[in-house]
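Undergrad: Sequence first, then the predicted structure:
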Amino acid sequence: MDKILEALVSSAHPVTVKRAIVKKVVEAAEKEVTEEQCQALYALTTRLILLGDDAFQRQVGVQVQEAYARYHRDQFAQFLSRDFVLGLLQQGYGPLARKDPAIVDFLHGSLRLLRSCPSVLELAPLLQTEFLRMVCARPAPALCARLAALLADFPQCVPRDKAGALFCQQLVRTMGYFQCQAGEEKEVREYVAQVTKVSGLLQGIWKAEPSTLLPSLQEVFAIISSTDPAFDPSIALASLVQHIPLQMITVLIKSLTTDQNVKDASMTQALCRMIDWLSWPLANHVDTWVIALLKGLAAVQKFTILIDVTLLKIELVFNRLWYPIVRQGALVVLSHMLLSFQHSPEAFHMVVPQIVPLVESLKSDGLPTSKAFLLQFTELIHCMMYQYSGFPDLYDNILESVKELPKPSEEMIRQILNQSAWTSQSNSFTSGLVKMSSKSETGRTGLVNLGNTCYMNSVIQSLFIATDFRRRVLSLHLNGTNTLMKKLQLLFAFLAHTQRAAYAPRNFFEASRPPWFTAGSQQDCSEYLRFLLDRLHEEEKTLRALQQPKPKVNSQETARESGVDPSPGEVPSGPALPPGDAERGDKTLVECMFGGRLATGIRCLHCHSVSEKQEPFTDLSLAFCPSVSSPQGSMDQNQASSTVGPCQGAVNGGSESAEGPVKDMAGPSLEKPPAEPVLSLTDLLDYFLAPEILDEENRYFCERCGSLQRAERRMRVVAAPEYLILTLLRFSYDAARHVRRKILDNVGIPLCLDLPVHQHCCSSSSPSSSSPPPSALPQTHSPDSGENLAKKLKPSQTDEEEERETEGLERGRDGERELSEVSEVPYILSSVVMHSGMSSESGHYYSYGRSVNGTDSCHASKTVGSDGKPNWSSQSEACSAPQEAEGCWFLFNDSRVTFTNFQSVQNITSRFPKDTAYVLIYRKQAGNGQQGPGATNANGLRLNGEPPLQKELMDAITKDNKLFLQEQELNARTRALQAASASCSFRPNGSDDNEPPGSCGPTGGGGGGGFSSVSRLVF
């Protein structure tokens, strides 16, 4: 029979004829056949199945073998002997290698024919051993899939006990070597099906023998945590995750995160590869395990791993959102990674450029699930923009793209952020990888945040953008000194000439940080600015004193001590001045550029005597008007309802004392100011200069009357500074809650303003009058004195009282009155420091600025309103600024520098309610035919040109630029080797890894919503 069949299948007869004859052969299987004939037929059919030339021959072999094995099972069991099976598995069959999937398929079919025969159990031990040997040889996915199908049908052939655990480990290891080389969809589907069969086999074994699960998972972790650069585990391992019982998450994660034998580099690799598994289309629960591991690492404060993994993988996770099949799981992981990464905006900013394209794609793709997904995604984006406010240049386009979608409430955002924060914040935090790259298109240099130093960065950029001050500093000859001014000069030189996109001002920070400022903590930029200017001023005075040990005491100094200003024509002798600065006379550079004089006069309303004193200032602190509610006094309800000037209804935020009411801000909710500002900067300036009635408990002790009397206090600017610094006192003290609150009122910022200056002030006839020497440089306010801070609410008066007081003021003191000449000094806006946040204890500082000097024209229109008060133009059209590059506005946000415009400065609070102007610097404009300081050709420069760098500065910059190029090369090498690196925590600016977390805090990132968990951190 075997000869006939063999001749038939190899003959040239038509297929129909062959099929008819084969049918006869199959029917003959029911008849009695000798054992020799059966063995011959089994041998022939085996050869046809394994080595058949075509599908017909293989089909004939299967049909005939199944027929004869059904009726002659004993003979077939004898044919499928141990020796035969062992030969197949160890030596193959003819030209077929032992690893050929056809061998396993033949054994699978043969065992099915003997399913109920004892011979299967006899073969099981042999098969267990050989299958374990086969798996250890790392078979291909196709062979593993065939083996998985066989063992799923015949579980008795699965290795048992210790061999079973080893079999599972080796099978997991084999899956780690699976690689999909297919490019066609059909081949990919086949590969996925093969992997699914193998993972299904492991699931069955784990259920049958639970003791094999833990060794298998240990092997999975050993594979994915490998740092061997020659081994890249297959993503096929992702198919195993769905078969791990979820109830084991807690135990397994705790075991992994607390195991001291697991190195950080290995954990980083494992977590990165688990995140890669999000790309596997059929893997369930991968997102659950990834988040569980992230939370476990946070619980044991392994923040370096979390930071490294987030920065390495955040863009990959975001890119998975484009694929609907894996989109939902990727969003869950992305949300956790971003919401928990609360110490720095870097991770969020890495994906910001991709947000708008994804939103537009989701709006238009037409998928039924896209709408619900878009709502979830938009909620995440709103949370991140709230957490990291203070970047309007990045967020404007995002806000525009999602403006039609629902926005979560502030309370909901806070709740989400609080729940997602890492469980502990400590010095273990390290800042993110600072990307070293070329300068931005602006050509400007940013400042690296050294750990909550945005307050310094914003101030330095504002001083640097002050053109005339910068040129004066760079023109100083300070070679060989180690003064703070020298360090500032070096910093300015780097900002102007370095090739770095962002410069790290470590030396200057250490030299200029006030002693009471805690490194790494939130600080007040206004306080830092005043301290810095005072240090520079006092330092220059000291150097001059050292250059002239015995200063000549002349009549001018005596006159100053007696409160009388020397005549303008007399210049006192002083220390040697730096070349090119002789025109400054005895003034320091700070006095020359920022110094003004303020006269404070108090007039007794009983005897009309006047006590007046003058004092220098470097900034004016503008308080918000008190609220219309009654202050702590004896005013009745009718009196309390009166208003004060144009600032009615504003909050008294200037004083940090408990005097004066504060706005009721029960709870941390954010009150969004109106779209258009109610107040303008000129309103606050008017209020600062407005007369104040001292009454009730604030009465003035008049020396002439010898008793407390009602009095009027008035402040006047008698000398205008070249740069006018205005600080808005936005932080008020809530005496009831013992906290500092931020005043979020929107204040209109004029591009140009006129400052009223009294050039000829009245001299005081009171013996209490005094005038300090001009060399002293006290501030207009200090923590210890509130004299020039927020003015207290002025009591309402009856018409008769006002008329009597007006008559008294017109008579003057002792019937005499000297009229002072008031001139309007024009100023143009140079820079604005913004504070983003809810309180002084949290937030972020950034600044807007442009280069202007004393010769840029500004035509501010001044009109008189219906209330009789002057109105300064606040429209950008009122200023004819030059159109060159110096007229461009820049946004300085730590390392980032971008182009912007004045409209953004004006509208920032309307769009981002937590972002408010805090410190403003205006440049005085020269009169017709005049030139402002710094515009002269003092050092052989062209008019208004930048001074040439001195050799010492040039050498320092050249050296650093070479170092920068070396760093760039090293970074390029590191990135190329990063996938195989033993550690993924390279930091070009390594000092960020120490002390407080890099750029921001969990509650302070751009304000952070005022969370109370850790409130002293900013970015």
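TA: That came in fine, so what should we check first?

Undergrad: The top helix by length along the chain: which residues count as buried?
TA: With DSSP state H applied, the helix covering the greatest number of residues in the chain is identified as helix 951-977. Residues Glu952, Leu953, Ala956, Ile957, Asp960, Phe964, Gln968, Asn971 are the ones in helix 951-977 that count as buried (16 or more other Cβ atoms under 10 Å). (C-beta placed from N, C-alpha, C; glycine too.)

Undergrad: Can you tell me, leaving aside adjacent residues, what's nearest to the third one?
TA: The reference is to Ala956. Excluding its sequence neighbours, the residue lying closest to Ala956 (Cβ to Cβ, 6 or more residues apart in numbering) is Leu490, at 6.4 Å.

Undergrad: for the one you found, phi and psi?
TA: Backbone torsions of Leu490, given as degrees, to the nearest 10, read phi -60, psi -40.

Undergrad: correct me, but it touches Leu953?
TA: Yes. With contacts counted by Cβ atoms under 8 Å, Leu490 reaches Leu953, the gap being 6.4 Å.

Undergrad: Secondary structure element for Phe688, which one?
TA: When secondary structure is defined by DSSP states H and E, Phe688 falls within helix 681-689.

Undergrad: swap in Ser611?
TA: When elements are defined using DSSP H and E, Ser611 is found to belong to strand 610-617.

Undergrad: Mind giving me the packing neighbours of that strand?
TA: With contacts taken as 3 or more Cβ pairs under 8 Å, 6 or more residues apart in numbering; DSSP states H and E, strand 610-617 sits against strand 596-604.

Undergrad: Partner strands of the strand it packs on, with direction?
TA: strand 610-617 (antiparallel), strand 711-719 (antiparallel) (DSSP bridges).

Undergrad: where does Leu726 fall, helix, sheet strand or coil?
TA: Under the three-state scheme (DSSP: H, G, I helix; E, B strand; the rest coil), the conformation of Leu726 reads as strand.

Undergrad: How many residues are close by it?
TA: Other residues lying near Leu726 total 23 when counted by other Cβ atoms under 10 Å.

Undergrad: about what we covered before: comparing the strands paired with strand 596-604, which comes out most buried?
TA: Among the strands paired with strand 596-604, the stretch with the highest mean neighbour count (mean count of other Cβ atoms under 10 Å) is strand 610-617, at a mean of 21.

Undergrad: name the helices or strands packed onto the helix or strand following it?
TA: Beyond strand 610-617 in the direction of the C-terminus, DSSP H and E gives the next helix or strand as strand 620-623. Under the contact criterion of 3+ Cβ pairs under 8 Å, 6+ apart, strand 620-623 touches helix 681-689, strand 723-729.

Undergrad: need these in a markdown table with distance to Gln709 and mean pLDDT, can you?
TA: Listed next are the helices and strands packed on strand 620-623 as a markdown table, based on distance: least, Cβ to Cβ, whole Å; pLDDT from 0 to 100:
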| stretch | distance to Gln709 | mean pLDDT |
| --- | --- | --- |
| helix 681-689 | 23 | 91 |
| strand 723-729 | 29 | 94 |
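
Undergrad: do you know which of the ones you listed lies nearest Ser851?
TA: With Cβ to Cβ, the closest approach to Ser851 among those belongs to strand 723-729: 12.9 Å.

Undergrad: Contacts made by that closest one with the rest, please.
TA: By Cβ atoms under 8 Å, 6 or more residues apart in numbering, the residues outside strand 723-729 that reach it are 466, 468-469, 526, 529, 593-594, 596, 618-624, 653-655, 681, 684-685, 743, 747, 755, 789-790, 827, 830, 916-924.

Undergrad: same deal with stretch 402-409?
TA: Counting contacts by Cβ under 8 Å, 6+ apart, the residues outside stretch 402-409 that touch it are Val359, Leu374, Leu375, Thr378, Glu379, Ile381, His382, Cys383, Ile416.

Undergrad: buried set for that stretch?
TA: For stretch 402-409, a neighbour-count test (16+ other Cβ under 10 Å) marks Val402, Leu405, Pro408 as buried.

Undergrad: swap in stretch 386-406?
TA: 386-392, 394-395, 398, 401-402, 405.

Undergrad: Then stretch 245-260?
TA: Across stretch 245-260, burial judged by 16+ other Cβ under 10 Å covers Ile249, Leu252, Ile253, Ser255, Leu256, Thr257.

Undergrad: ok, the residues you listed vs Glu35, which is closest?
TA: The shortest approach to Glu35 among those belongs to Leu252, at 56.7 Å (Cβ to Cβ).

Undergrad: so how many other residues sit close to the closest residue in space to the closest one that isn't next to it in sequence?
TA: Distances taken as Cβ to Cβ, 6+ apart place Leu217 nearest to Leu252, at 6.6 Å, with adjacent residues excluded. Neighbour count for Leu217, taken as other Cβ under 10 Å: 20.

Undergrad: Is it correct that Leu217 falls within a helix?
TA: Yes. Under the criterion used here (three-state DSSP), Leu217 sits inside a helix.

Undergrad: In this structure it contacts Val241, no?
TA: No. Between Leu217 and Val241 there is no contact, the gap being 10.0 Å when judged by Cβ under 8 Å.

Undergrad: how about the strands of the stretch 301-450 of the chain, start to end?
TA: 446-447 (DSSP state E, counting those that start in this stretch).

Undergrad: Quick one: low-confidence residue ranges for it.
TA: By pLDDT under 70, the low-scoring segments of the stretch 301-450 of the chain are 422-439.

Undergrad: nearest spatial neighbour of Ala829, skipping sequence neighbours?
TA: For residue 829 the amino acid is Leu, not Ala. Distances taken as Cβ to Cβ, 6+ apart place Leu751 nearest to Leu829, at 5.2 Å, with adjacent residues excluded.

Undergrad: Would you mind confirming that Leu150 makes contact with Gly109?
TA: No. Applying Cβ under 8 Å as the test, Leu150 and Gly109 come out as separate, 9.4 Å apart.

Undergrad: which one of the two has more residues nearby?
TA: Between Leu150 and Gly109, counted using other Cβ under 10 Å, the more crowded position is Leu150 (21 against 15).

Undergrad: In terms of helices and strands, where is that one?
TA: According to DSSP H and E, Leu150 maps onto helix 141-153.

Undergrad: ok, then the element right after that helix?
TA: helix 161-175.

Undergrad: what residues does that following helix touch?
TA: Residues from elsewhere that reach helix 161-175 (Cβ under 8 Å, 6+ apart): 128-129, 131-132, 135-136, 138-139, 144, 158-159, 195, 198-199, 201-202, 205-206, 209, 211-212, 215-216, 218-220, 223, 234, 236-237, 239-240.

Undergrad: Could you list the buried residues of that helix?
TA: Residues of helix 161-175 classed as buried under the neighbour-count rule (16+ other Cβ under 10 Å) are Gly164, Ala165, Leu166, Phe167, Cys168, Gln169, Gln170, Leu171, Val172, Arg173, Thr174, Met175.
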